[in-house]
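**Student:** Here you go, sequence then predicted model.
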Amino acid sequence: MQSTPSSTPSLSSKLPWVGTTIFTVMSKLAAQYNAVNLGQGFPDFPCSDELIDLITKAMKAGYNQYAPMEGLMALREQIAIKTERLYGYAPDPVSEITITSGGTEALYAAIATVIHPGDEAIVLEPCYDSYIPAIELNGGKVIRVPLTPETYGIDWERLTNAFSPRTKLLIINTPHNPTGTMLSGEDRHQLSKLINGTDILLISDEVYEHLVYDGTVHQSVLYDPILRKRAFVVSSFGKTYHATGWKVGYCIASAALTKEFRKVHQYLTFSTFTPVQYALAEYLQQPEHYLRLPQLYQQKRDYFLQLMQQTRFRMLPCQGSYFALAAYGHISGEPDTDYAMWLTREIGVAAIPVSVFYQERTDYKILRFCFAKREETLERAVARLQKV
Ligand code: PMP
Ligand code: GLN
């Protein structure tokens, strides 16, 4: 159809089923109704002053031009040291580590690197909201395999049956957003057995690698020589250092995969904010900052779960991440999206409806609460939730 000179030519949407993300919607609604925002996942306590000073120092020292495309070498070296300390494997900083503009960019670049039109990519639902659109934007076909409701374990038979000759990619996420569950060592072995000898690549979204509780070990795929050869492992400094607004992350992948990954990364963003890279390279030399995270966040999780006992919500177990799930089907029959909106408007607490993490919006009447908050914020939220 021809457009008139004054009108915008019509555009065929590449993501016709996508709207504004629920995180943006709920944060706006929370602000509008002055609700306590336990929706979008971000800490409400400050990040380290020392880290802020290091960024200022880098800026004042004149590090304000483009960083190297692959990321600052000093930072990549520190990531290699950290990775070896934690997972017993030292990736080569030259050829296997790339600094990205957040975990989100790493995920997108990895998906774009792997997926050609018509390729199949398997996601385990519920899943983080950026995976499916990124696969579709690259012409891939999404194969959705549900995790078992409420325990959110992998149904290995279903996953095996989802594989086809066109399967190029499997995306996993541990600790898991939105459910707070984690892969076990046994899961990791199963995964390794399942894809050994296939051509299937793996994206392992490990942005919550440090937020693990009750002494549980984060089962990074980097432990496993079979898995790490075929994986893009994604991490985020935003999560690790309570600074989600900085959008700095990284991707670890074998040299062959990284070579292709960087071809995409260099045309997506080229490079990532320079001063933060200098600051992180220095700050990472003090491992206690990330080693104490499990304790810090476990206290928050325990406090939140304990407070929630004073409400009618049924809390599901949380092993890791920022998030705890609350079932409310015994309280209300409303769809979770309506219920989350009502809770924000009328009760004054924002949460994320878990159906948004399923492409078909499967509704089990469960809400996701973010407990990465100060104690007083959690107390204020729960005082309100008691009215339900
Ligand atoms: N993956 C998961 C599971 C997440 O929860 C997030 C947080 N938004 C990201 C990736 C993206 O991380 P970043 O904010 O560093 O882009
Ligand atoms: N990862 C965060 C969450 O799951 C938010 C990310 C975003 O707002 N895009 O809440």
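**Tutor:** That came through fine. Ligands and ions are numbered 1, 2, ... in the order given.
**Student:** For my notes, confirm C251 occurs in a strand.
**Tutor:** Yes. Residue state for C251 (DSSP: H, G, I helix; E, B strand; the rest coil) corresponds to a strand.
**Student:** Apart from its neighbours in sequence, what residue is nearest it?
**Tutor:** The shortest distance from C251 to any non-neighbouring residue, by CB to CB, 6 or more residues apart in numbering, is to A106 (4.1 Å). Where C-beta positions appear, they are placed from N, C-alpha and C, glycine not excepted.
**Student:** What of T160?
**Tutor:** L194 (6.4 Å).
**Student:** With just CA atoms, put the helix or strand harbouring the one you found into PDB.
**Tutor:** Here L194 sits within helix 185-195, counting by DSSP states H and E. Taking C-alpha atoms only, helix 185-195 is exported to PDB below (Å, rounded to 0.1, in the frame of the first residue of the first chain):
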ATOM      1  CA  GLY A 185      25.000 -31.800  39.900                       C
ATOM      2  CA  GLU A 186      22.900 -34.700  38.700                       C
ATOM      3  CA  ASP A 187      21.100 -32.400  36.200                       C
ATOM      4  CA  ARG A 188      24.400 -31.200  34.900                       C
ATOM      5  CA  HIS A 189      25.600 -34.800  34.300                       C
ATOM      6  CA  GLN A 190      22.300 -35.600  32.600                       C
ATOM      7  CA  LEU A 191      22.700 -32.600  30.300                       C
ATOM      8  CA  SER A 192      26.200 -33.500  29.500                       C
ATOM      9  CA  LYS A 193      25.200 -37.100  28.600                       C
ATOM     10  CA  LEU A 194      22.300 -35.800  26.500                       C
ATOM     11  CA  ILE A 195      24.200 -33.400  24.300                       C
END
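**Student:** Does ligand 1 have contacts with the helix or strand following it?
**Tutor:** Per DSSP H and E, the first helix or strand lying C-terminal to helix 185-195 is strand 201-205. Yes. Strand 201-205 lies within reach of ligand 1 by CB under 6 Å from any ligand atom, at D205.
**Student:** List the neighbouring strands of strand 201-205 plus their orientation.
**Tutor:** strand 167-173 (parallel), strand 231-236 (parallel) (DSSP bridges).
**Student:** Is any residue of the last one near ligand 2?
**Tutor:** This means strand 231-236. No. Contact of strand 231-236 with ligand 2 is not found when judged by CB under 6 Å from any ligand atom; the minimum separation is 8.8 Å.
**Student:** who touches that strand?
**Tutor:** Strand 231-236 is contacted by residues 102-103, 106-107, 110, 113, 201-207, 209, 220-222, 248-253, 257, 261 when judged by CB atoms under 8 Å, 6 or more residues apart in numbering.
**Student:** and the stretch 151-300 of the chain, which residues reach ligand 2?
**Tutor:** The stretch 151-300 of the chain comes close to ligand 2 at residues N177, as judged by CB under 6 Å from any ligand atom.
**Student:** Please work out how many residues are found near the nearest residue to L257 once chain neighbours are set aside.
**Tutor:** Nearest non-adjacent residue to L257, counting by CB to CB, 6+ apart: F232, 6.3 Å away. Neighbours of F232 under the rule other CB atoms under 10 Å: 27.
**Student:** Check A383 too.
**Tutor:** 15.
**Student:** which residue ranges form the strands in the chain?
**Tutor:** In the chain, strands defined by DSSP state E lie at 36-37, 97-100, 120-125, 141-146, 167-173, 201-205, 231-236, 249-252, 314-315, 323-327, 349-350, 352-353, 366-370, listed in chain order.
**Student:** can you tell if the first one touches ligand 2?
**Tutor:** So that's strand 36-37. No. For strand 36-37, no contact with ligand 2 is found by CB under 6 Å from any ligand atom; the gap never falls below 10.4 Å.
**Student:** show me the contacts for the residue nearest the centre of the chain.
**Tutor:** Residue closest to the mean C-alpha point of the chain, counted by CA atoms, centre = their mean, is V207 at 5.3 Å. By CB under 8 Å, 6+ apart, the contact set of V207 is G103, N177, V234, S235, S236, G238, K239, G249.
**Student:** Can you name the residues bridging to the last one?
**Tutor:** In this entry, G249 is beta-bridged to T100, S236, by DSSP bridges.
**Student:** So among the contacts of V207, which ones count as buried?
**Tutor:** Neighbour counting with 16 or more other CB atoms under 10 Å marks G103, N177, V234, S235, S236, G238, K239, G249 as buried within the contacts of V207.
**Student:** thinking again about what came up before, give me the neighbour count for the residue nearest to T160.
**Tutor:** Counted with other CB under 10 Å, L194 comes out at 16.
**Student:** got the contact list for it?
**Tutor:** When contacts are counted by CB under 8 Å, 6+ apart, L194 touches W156, L159, T160.
**Student:** And for E334?
**Tutor:** Contacts for E334 (CB under 8 Å, 6+ apart) come out as W342.
**Student:** how close does it sit to D119?
**Tutor:** Shown here: E334 relative to D119, a distance of 39 Å by CB to CB, to the nearest Å.
**Student:** Ok, A134 next?
**Tutor:** 13 Å.
**Student:** Much appreciated, bye for now.
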